[in-house]
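everything below, folded, please.
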Amino acid sequence: MLVAVSTPPDPVIIIGGGQSGLNTARAALEAGLRPVVLESGPRAVGSWPHYYDSLTLFSPVKYSSFPGAPFPGEPDEYPARDAVIAYLDSYARDLDVEIRTDTRVSAVTSSRKGGFQVHTEAGEEIAASGVVAASGSFANPYRPQVPGQDHFAGAVLHVAEYRNAQPYAGKRIVVVGAGNSAVQVAYELSGRASVTLATRAPVHFVAQRRLGKDLHYWLKTTRLDVLPRAWLVRIFTSTPVLDTGIYRDALASGQLDRRPMFTRFDGDDVVWPDGSREKVDVVIYATGYRPNLGYLEGLGALDQTGMPRHHGGISTTHAGLVYAGLEFQRSFSSNTLRGVHRDAKYVVEPLAAHVNNTTRVVSSGGAVPGPAG
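Modelled structure (predicted):
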């Protein structure tokens, strides 16, 4: 005789303790799940401590809070990096969930009983009824390969490795990229070094404030913040750089030089499109990031480029696997402090349904997996 036995589900493992992981942990807790957060760093603050020293949020305090946790400070001020770290630290301490720091995940595999096994670099194996991949992208910077780069005599780094301008005083530097980080870092360096911003197209500036209101007021009012990517690409044909006017003026005045992207490296030179050559000490790629999901490769959840197979953050390959914090996962604000909670709630609903609908049937012959949901 078969007897249906209700057994407590294994925890939902959330990989990553930054803004996405913490918001998903709260949503999972509210859905009646047992979340356990695994964070590779010493604190549950994500990658924020590794960003460059002068980084400030593009959104003011009043548009940078999680639900129920107001960001401290004046509503119209723009929080600095360290203020964000303190905010996340406080939020994590107030969460009634288990957070394991200094725990790096090496792989996720399918379990014979229908869930997952999460493997850590320390050799631990953790049974999971569901998995949330919320590990961000900072640890996986995108570095283009330009001809001659391997033999370049100067230094080549990604903006992920940049902290401040002090080590680069007096040097000849090329910053590659046309986004916010590229322009901000190039501008900061221009006060101490000779800097060129190398881009494939002109920089597209967007005013930080319009009619006395911050841009995020208009994003919220017009609902652009929650539009899906397919709509946004029709509105924004290039990467916008938020600007109060200082960056545009720096380019116009010649304080900051912009040129079309160089074609190759040659010894200690870069070669510009017109054929001219120039000795350069440092090239800094500010060319973005890719999702840091290497631990899912063996599971078969990624495509050939390493990108997750998903729809709105819900895996299309494995029931019980969801994502949080992907860029444009569902909207313009998906991986931001102000918007990640919406995606967290969205992916937790089907995750909870999957976990709660998975039962075990026990007989004299042993355990039999129930429906995967």
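
the bottom helix or strand of the protein by mean pLDDT?
strand 360-363 (a mean of 31; mean pLDDT, DSSP states H and E).

report the distance from the helix ranked longest in the chain to the chain centre.
The longest helix of the chain (DSSP state H) is helix 340-357. Its chain's C-alpha centre and that of helix 340-357 lie 19 Å apart, by C-alpha atoms, centre = their mean, to the nearest Å.

for the record, mean pLDDT for that helix?
Mean per-residue pLDDT for helix 340-357: 94.

that helix - contacts with which helices or strands?
If you count contacts as 3 or more C-beta pairs under 8 Å, 6 or more residues apart in numbering; DSSP states H and E, helix 340-357 packs onto helix 19-30, strand 130-133, strand 321-323. The way it works is simple: take the backbone N, C-alpha and C, and place the C-beta from them, glycine included.

ok, residues contacting the second one?
Spelled out, it's strand 130-133. Residues outside strand 130-133 that contact it (C-beta atoms under 8 Å, 6 or more residues apart in numbering): 12-16, 21, 24, 28, 33, 35, 108, 115-116, 118, 293, 296, 308, 320-324, 347, 351, 354-355.

neighbouring strands for it, and are they parallel or not?
Partners of strand 130-133 in the sheet, by DSSP bridges, are strand 12-15 (parallel), strand 321-323 (parallel).

any idea how far it is from the chain center?
Worked out by C-alpha atoms, centre = their mean, strand 130-133 lies 16 Å from the chain centre.

now do the last one
On the basis of C-alpha atoms, centre = their mean, the separation between the geometric centre of strand 321-323 and that of its chain is 15 Å.

what do you get for stretch 17-34?
Stretch 17-34 has its C-alpha centroid displaced from the chain centroid by 17 Å (C-alpha atoms, centre = their mean).

got the buried residues for it?
Within stretch 17-34, the residues scored as buried using 16 or more other C-beta atoms under 10 Å are 17-29, 31, 33-34.

quick one: residue 128 and residue 114 touch, right?
No: between residue 128 and residue 114 there is no contact under C-beta atoms under 8 Å: 10.8 Å.

look at residue 71 and give its secondary structure.
coil (DSSP: H, G, I helix; E, B strand; the rest coil).

okay, residue 128 and residue 114: which has more neighbours?
residue 128 (25 against 21; other C-beta atoms under 10 Å).

next up, the contacts around that one.
Contacts of residue 128 by C-beta under 8 Å, 6+ apart are 10, 11, 12, 13, 108, 111, 115, 116, 117, 118.

out of the residues you listed, who's the most crowded?
residue 12 leads these on contacts (other C-beta under 10 Å) with 30 neighbours.

surely that residue meets residue 36?
Yes: between residue 12 and residue 36 a contact is recorded at 7.2 Å, counting by C-beta under 8 Å.

residue 94: what's it in contact with?
By C-beta under 8 Å, 6+ apart, the contact list for residue 94 reads residue 69.

for it, grab phi and psi.
phi -80, psi -10 (degrees, to the nearest 10).

for residue 222, same thing?
When quoted as degrees, to the nearest 10, the phi and psi of residue 222 stand at phi -90, psi -10.

need the pLDDT of it.
At residue 222, the pLDDT value in this model is 73.

count of neighbours near it?
10.

how much space separates residue 349 from residue 266?
Residue 349 sits 55 Å away from residue 266, going by C-beta to C-beta, to the nearest Å.

that should have said residue 313, apologies.
44 Å.

who has more neighbours, those two?
Set side by side, residue 313 and residue 266 show more neighbours around residue 313, with 26 against 15, by other C-beta under 10 Å.

the more buried one touches residue 327, doesn't it?
No: checked against C-beta under 8 Å, the pair residue 313 and residue 327 is beyond contact range at 11.5 Å.

on that earlier part again, just curious, which of the contacts of residue 128 is nearest to residue 156?
residue 108 (32.5 Å; C-beta to C-beta).

show me what the closest one is bridged to.
Beta-bridge partners for residue 108, by DSSP bridges, are residue 118.

okay, it: pLDDT?
According to the predicted model, the pLDDT of residue 108 comes to 98.

OK, contacts around the residue lying closest to residue 78 once chain neighbours are set aside?
Residue nearest to residue 78 in three dimensions, not counting chain neighbours: residue 56, with 4.7 Å by C-beta to C-beta, 6 or more residues apart in numbering. Contacts for residue 56 were tallied using C-beta under 8 Å, 6+ apart; they are 78, 79, 80, 81.
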